[in-house]
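J.: structural data only, the sequence is not supplied:
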């Protein structure tokens, strides 16, 4: 069967990731008598003909859990081929709701840490989703050029103590030996705080300094034939073609820019939120918005389909 035919026959499903303030997500066990009974999954169900995804999501949450969603954000859309059917799963993050979740169909439920699930078995379609949910909402980019290395390391320590958990080392003007020394210092400090570090553009440097992965620029992305052999790999994207390439190579996440004007490029208007939303609609991996971002724009970014925001000047 060709890809077009598979996509046409995929069953569209609305899926809710209910997430508490402590980061735990709600999983429910499929009741007896249903396919894959006893397996754990995110709540949701089939989208009926003529029904919008958001409507289906609200209906399923009310029917299954007795809750009505309040803060709902489009997230990722992934396809999975089970032996009996192919499903297209439209995941939405639900961060607030009315009512107390309870199994109206008699199903068991459990609030779980996405990075350390204690129940099972899980439906296989959920593995990538749980990995993506371990990503924080803020992706910080180093800026030693502005502050100098000594002051920047002080600012990094403060940011890590305040909860920053994902950092990209990007210092284009730093000489190679100085960059490696700097990267090693960033990795050591970040790991002491339970944070992960990605190195911009240089896989070899990422391995040498013990980083968690590499962040490819768009040119490197388009030249790749296969994904880098690293724990985490991500890419910068600016258009639909680059997004498609990153998805085909199964990037862990992407950064899409520029969204808004930035101080470094005041004449570049940026794509704006509507174009951003159009580009990431039904995209299979998490997307961070970059360009003119501030912490207070996180809500807007999520409303338009972003996983989070990437910050250069707005974080330190």
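T.: Nice, I can see it. Here the structure is a predicted model, which means the values were calculated and not measured.

J.: shaky segments in the protein?
T.: By pLDDT under 70, the low-scoring segments of the chain are 1-8, 264-266.

J.: can you pull the phi/psi pair for the residue lying farthest from the centre of it?
T.: Centroid-distance maximum for the chain: residue 33 at 33.6 Å, with CA atoms, centre = their mean. Dihedral pair for residue 33: phi 100, psi -10, per degrees, to the nearest 10.

J.: same question, residue 126
T.: Torsion angles, degrees, to the nearest 10, at residue 126: phi -90, psi -10.

J.: okay, it and residue 283: tell me how far apart.
T.: As for residue 126, its distance to residue 283 is 18 Å (criterion: CB to CB, to the nearest Å). Bear in mind the C-beta positions are built from the backbone N, C-alpha and C, glycine included.

J.: repeat for residue 83
T.: 26 Å.

J.: and these two? Which one has more around it.
T.: Neighbour count, other CB atoms under 10 Å: between residue 83 and residue 283, residue 283 has more, with 22 against 5.

J.: that one and residue 305 touch, don't they?
T.: Yes - applying CB atoms under 8 Å as the test, residue 283 and residue 305 come out as touching, 7.4 Å apart.

J.: element containing the spatially closest residue to residue 210 that is not a sequence neighbour?
T.: Setting aside the residues directly before and after it, residue 210 is nearest to residue 187 in space (CB to CB, 6 or more residues apart in numbering), at 5.3 Å. Here residue 187, judged by DSSP states H and E, is contained in helix 176-192.

J.: run through the helices of the stretch 1-150 of the chain in chain order.
T.: 3-9, 53-65, 127-133, 144-147, 149-161 (DSSP state H, counting those that start in this stretch).

J.: I'd like to know how many residues surround residue 220.
T.: 17.

J.: against residue 245, how distant is it?
T.: In terms of CB to CB, residue 220 sits 11 Å off from residue 245.

J.: try residue 58
T.: Residue 58 sits 35 Å away from residue 245, going by CB to CB.

J.: helix, strand, or coil at the residue nearest to residue 202 when sequence neighbours are not counted?
T.: Residue nearest to residue 202 in three dimensions, not counting chain neighbours: residue 214, with 7.0 Å by CB to CB, 6+ apart. Following DSSP: H, G, I helix; E, B strand; the rest coil, we place residue 214 in the strand state.

J.: show me the contacts for residue 214.
T.: 198, 199, 200, 201, 202, 203, 206, 228, 230, 232, 233, 234 (CB atoms under 8 Å, 6 or more residues apart in numbering).

J.: ok, now with 7 Å
T.: Residues counted as contacts of residue 214 (CB atoms under 7 Å, 6 or more residues apart in numbering) are 198, 199, 202, 203, 206, 228, 230, 233.

J.: restricted to strands, list the residues you listed.
T.: Those of the contacts of residue 214 mapping onto strands are 198, 199, 233, per DSSP state E.

J.: let me know the closest of the residues you listed to residue 52.
T.: residue 233 (34.1 Å; CB to CB).

J.: isn't that closest one up against residue 227?
T.: Yes - with contact defined as CB atoms under 7 Å, residue 233 reaches residue 227; the gap is 6.1 Å.

J.: who has more neighbours out of those two?
T.: Using other CB under 10 Å, the more surrounded residue of residue 233 and residue 227 is residue 233, with 24 against 15.

J.: do you know how far the more buried one is from residue 133?
T.: 18 Å.

J.: what's the answer for residue 180, then?
T.: As defined by CB to CB, residue 180 lies at a distance of 32 Å from residue 133.

J.: can you check residue 27 too?
T.: Distance, residue 27 to residue 133, by CB to CB: 11 Å.

J.: more neighbours, these two?
T.: residue 27 (26 against 23).

J.: quick one: the more buried one and residue 40 touch, right?
T.: Yes - between residue 27 and residue 40 there is a contact under CB under 7 Å: 4.7 Å.

J.: what touches both of those two?
T.: Common neighbours of residue 27 and residue 40, using CB under 7 Å, 6+ apart, are residue 119.

J.: need the contact list for the residue nearest to residue 121 when sequence neighbours are not counted.
T.: The shortest distance from residue 121 to any non-neighbouring residue, by CB to CB, 6+ apart, is to residue 39 (5.4 Å). By CB under 7 Å, 6+ apart, the contact list for residue 39 reads 30, 121, 122, 123.

J.: counting neighbours, what do you get for the closest residue to the third one other than its chain neighbours?
T.: Spatially, and ignoring its direct neighbours in sequence, residue 122 is nearest to residue 40 (5.1 Å; CB to CB, 6+ apart). The local packing count at residue 40 equals 21, with neighbours defined by other CB under 10 Å.
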